[in-house]
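>>> Task: produce atomic coordinates for the following.
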Amino acid sequence: MNFIEFVRGAGNVLLVMAIAGGVAYVGDRVGHQVGRKRLTLFNIRPRYTSTIIAIGTGMTIALVVTLVAIFASQQVKTAFFKLSSINAQIDDLQARQRELEKKVENGHLVVANDTLMVPYARIIKKNATFGERVATIRDYYQSAVRYINSTYTGLGLKPYVSPPDVDKQLNDLANRIEAGEQIEQVDVMLSVTSDQNLFEGDQIHFEISTTPDVKTFAKDDRIYTIQIPGQSGAQASIAISELQRAVSAIARQKRMPSFLADSVTTLELLPGLPTMQQMLGKRGSYLLTAYAAEDVYPHLGGIPIVVALVPQPR
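Numbers count the residues shown, from 1 in each chain. Below is the predicted model of the structure:
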């Protein structure tokens, strides 16, 4: 319990105490006035009549306050009428949490969340009609289901089962592409990724992701540079790995999906790795730079780069 929660709870207790004190005071005053006037109720002695009226007044005030709180606060209404349902949901969520923790500790992870599950994409051309969008999405979905079930059931996962409202979901996806105005500006790439961690024995789940197929890097663009001092004991291979991670981070900043941004491939080293290592063994400072090997679009499936090492100009 943090300090804010403690203060809020203490405030609620004090509020209840104040209301209870007010109700008791009003009830006592009403009962006192009835007793002084020696009023009777159903021929009951005035002494008992004042007590009954005092109790009734307190009950009425408490009821009115409670009703006001119920109608004024959704939380109070929930506490009064849906507490059992909420407790049941909490128990269910706790059971799921224990099951997930058990899977994480003892289970075999087959597919991590946000992993590319189908090695091919599909492109929806810009200005495609709604019917063409739906047809492309449905064809890709059916192809993906066949590939996923044939590939991942052999890894210990249960087959994917299409939901009853699959047609509505595919139509909604086509509408979301149009609503995002992506289709009028650029092509849109469809890809299939996992929407949760899948452990051995789990049923397969996936989602179709949409990515605007825009140019992330142009051919020969300088993406990132690392400065390396000579004779520092730096390993060229480790520096190249750090450079690839930096390229991935920049691609994610440009809103490239992580499963694509993390796929950085070095196509060429200038000069070769042994010569790079020899250069780093000499005095001076050197620049290790990653260049885009070609125009990089999401449909390429990754980021091909050329890495060059040159002495830093003085």
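>>> now for the helix or strand containing Tyr141, which elements pack on it?
For Tyr141, the host element (DSSP states H and E) is helix 130-152. Counting contacts by 3 or more C-beta pairs under 8 Å, 6 or more residues apart in numbering; DSSP states H and E, helix 130-152 packs against strand 122-124, helix 166-179, strand 188-193, strand 207-212. Every residue, glycine included, has its C-beta placed from N, CA and C.
>>> Okay, buried residues for it please.
Burial within helix 130-152, assessed by neighbour count using 16 or more other C-beta atoms under 10 Å, is assigned to Arg133, Val134, Thr136, Ile137, Arg138, Tyr140, Tyr141, Ala144, Val145, Ile148, Asn149, Tyr152.
>>> Name the nearest of these relative to Ile123.
Thr136 (8.1 Å; C-beta to C-beta).
>>> so what's the closest one closest to, chain neighbours aside?
Nearest non-adjacent residue to Thr136, counting by C-beta to C-beta, 6 or more residues apart in numbering: Ile124, 5.2 Å away.
>>> I'd say the one you found and Val188 touch.
Yes. Assessed by C-beta atoms under 8 Å, Ile124 is found in contact with Val188 at 4.5 Å.
>>> ok, and what's touching stretch 274-292?
For stretch 274-292, contacts defined as C-beta atoms under 8 Å, 6 or more residues apart in numbering pick out 217-232, 234-236, 239-240, 243-244, 246-247, 269, 271, 303-312.
>>> Filter those down to the buried ones.
Using 16+ other C-beta under 10 Å, the buried ones in the contacts of stretch 274-292 are 217, 223-224, 226, 228, 234, 236, 239-240, 243-244, 246-247, 269, 303-309.
>>> Out of the residues you listed, list just those in strands.
Using DSSP state E to define strands, the subset of the buried ones among the contacts of stretch 274-292 located there is Ile223, Tyr224, Ile226, Ile228, Leu269, Ile303, Pro304, Ile305, Val306, Val307, Ala308, Leu309.
>>> OK, contacts around the third one?
Just to be clear, that refers to Ile226. Listed by C-beta under 8 Å, 6+ apart, the contact partners of Ile226 are Ala239, Glu242, Leu243, Ala246, Leu287, Leu288, Thr289.
>>> Any chance of the residues you listed in CSV with distance to Ala112 and pLDDT as columns?
Listed next are the contacts of Ile226 as CSV, based on distance: C-beta to C-beta, whole Å; pLDDT from 0 to 100:
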residue, distance to Ala112, pLDDT
Ala239, 27, 96
Glu242, 23, 96
Leu243, 24, 97
Ala246, 22, 97
Leu287, 35, 96
Leu288, 30, 97
Thr289, 31, 97
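>>> and these, which of them are in helices?
Among the contacts of Ile226, DSSP state H puts Ala239, Glu242, Leu243, Ala246 in helices.
>>> Which of those residues sits closest to Asp114?
Nearest to Asp114 among the ones in helices among the contacts of Ile226: Ala246, at 20.5 Å, using C-beta to C-beta.
>>> Tyr224 is in contact with that closest one, correct?
Yes. Contact criterion C-beta under 8 Å: Ala246 and Tyr224 qualify, at 4.4 Å.
>>> low-confidence ranges in the stretch 51-200 of the chain?
Within the stretch 51-200 of the chain, the segments meeting pLDDT under 70 span 51-54, 58, 76, 79-80, 82-83, 99-107, 178-184.
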